[in-house]
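# heads up, no residue letters with this:
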Ligand SMILES: [Zn+2]
């Protein structure tokens with residue numbers, strides 16, 4: 001029973017790794033193409049929701065197997081089975097971590113749908129009316145904030161705006177402050193995201209540099225070994241204990257490598273090359289995410305600037321009216 005769970009977990013792991021690769025490709029493709037389509041927000045959201053469901057499904061299935069695996073008990077002298085179980089558990093945890101990272105990527109794309117917060121829109125001043133509640137104040141005392149007061153409070157009010165009451169003036173200030181706080185938080189969040197993206201790219205670049213130099217060293221080693229007489233390349237047989245030998249018989253533990261030193265170097269080089277390729281894909285994805293996050297912040301800045309220009313236009317218009 002215990003043994004069959006180990007076997008199932010081993011077989012499933014390959015299938016799950018395959019599902020993970022497919023998922024990564026799908027996400028990369030969506031990241032790359034969706035921003036170039038004319039799909040509406042809702043349609044894009046649908047694509048991300050589909051991918052989110054797909055990811056959750058894989059995670060759920062992986063966790064199910066992991067749970068079974070963690071429940072398996074072996075007696076103390078079944079060392080090989082223990083090792084195999086621990087290795088599998090580690091690999092399952094790693095896979096779940098990778099899948100959760102992909103889930104995060106999807107959730108971040110879904111988040112993009114949120115409206116961009118801009119400074120409080122300035123409406124045109126109607127002379128003789130409360131700027132907040134629009135009732136006529138032609139005959140009443142208008143409440144105003146002088147420029148110095150606005151500067152001290154950190155509140156901007158369009159030139160010529162007046163309020164019917166202290167309450168309306170305070171309400172306007174409150175609304176302004178809230179909006180400003182939200183806007184600043186959004187700006188901070190965007191900037192932090194971009195910084196994190198850049199950090200991620202820096203780390204991946206480091207991994208690529210490291211892998212590349214390791215591959216170069218192996219290539220050097222390969223050339224050296226190729227020049228040696230064949231007898232030098234043969235591996236000495238390993239000293240293997242009873243349980244390990246038994247495990248080998250059952251096909252659970254790795255047999256002592258029958259590979260020559262040269263073959264081993266080549267094998268390792270091949271493995272590192274595959275890792276390098278995968279890391280390259282990760283880098284590509286991170287670059288796309290950075291580009292999308294930067295686009296969002298640029299759009300936010302553009303809207304802010306546009307708002308500022310409109311505000312200027314409003315006050316210029318006011319001046320014209322006063323000058324007439
Ligand atoms: Zn009012």
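Happy to help now that I have it. The structure presented is a predicted model; accordingly, all values stated were derived computationally and were not measured.

# compute the first-to-last residue distance for stretch 67-83.
Start-to-end span of stretch 67-83 (Cα to Cα, to the nearest Å) is 17 Å.

# okay, and for the stretch 51-200 of the chain, where does confidence drop off?
For the stretch 51-200 of the chain, residues meeting the criterion pLDDT under 70 lie at 112-122.

# what about the helices in it?
Using DSSP state H, counting those that start in this stretch, the helices of the stretch 51-200 of the chain run over 79-111, 147-153, 166-227.

# now do the contacts for the residue positioned nearest the centre of the chain.
When the chain is reduced to its mean C-alpha position, the closest residue under Cα atoms, centre = their mean turns out to be residue 105, at 4.0 Å. With contact set as Cβ atoms under 8 Å, 6 or more residues apart in numbering, residue 105 has these partners: 27, 31, 285, 289. Heads up, the C-betas are built off the backbone N, CA and C, glycines and all.

# what about it, distance to residue 55?
Applying Cβ to Cβ, to the nearest Å, the value for residue 105 to residue 55 is 9 Å.

# kindly report the same for residue 185.
As for residue 185, its distance to residue 55 is 28 Å (criterion: Cβ to Cβ).

# between helix 79-111 and the helix or strand hosting residue 303, find me the angle.
Under the assignment given by DSSP states H and E, the secondary-structure element containing residue 303 is helix 261-323. Counting by axes from the mean of the first three to the mean of the last three Cα atoms, to 10 degrees, helix 261-323 lies at 20 degrees to helix 79-111.

# and residue 91, how far is that from residue 214?
Spatial separation of residue 91 from residue 214 under the definition Cβ to Cβ is 22 Å.

# burial measure for the nearest residue to residue 96 once chain neighbours are set aside, as a count.
What sits nearest to residue 96 in space, not counting adjacent residues and going by Cβ to Cβ, 6 or more residues apart in numbering, is residue 62, at 5.7 Å. The criterion is other Cβ atoms under 10 Å. On that basis, residue 62 has 21 neighbouring residues.
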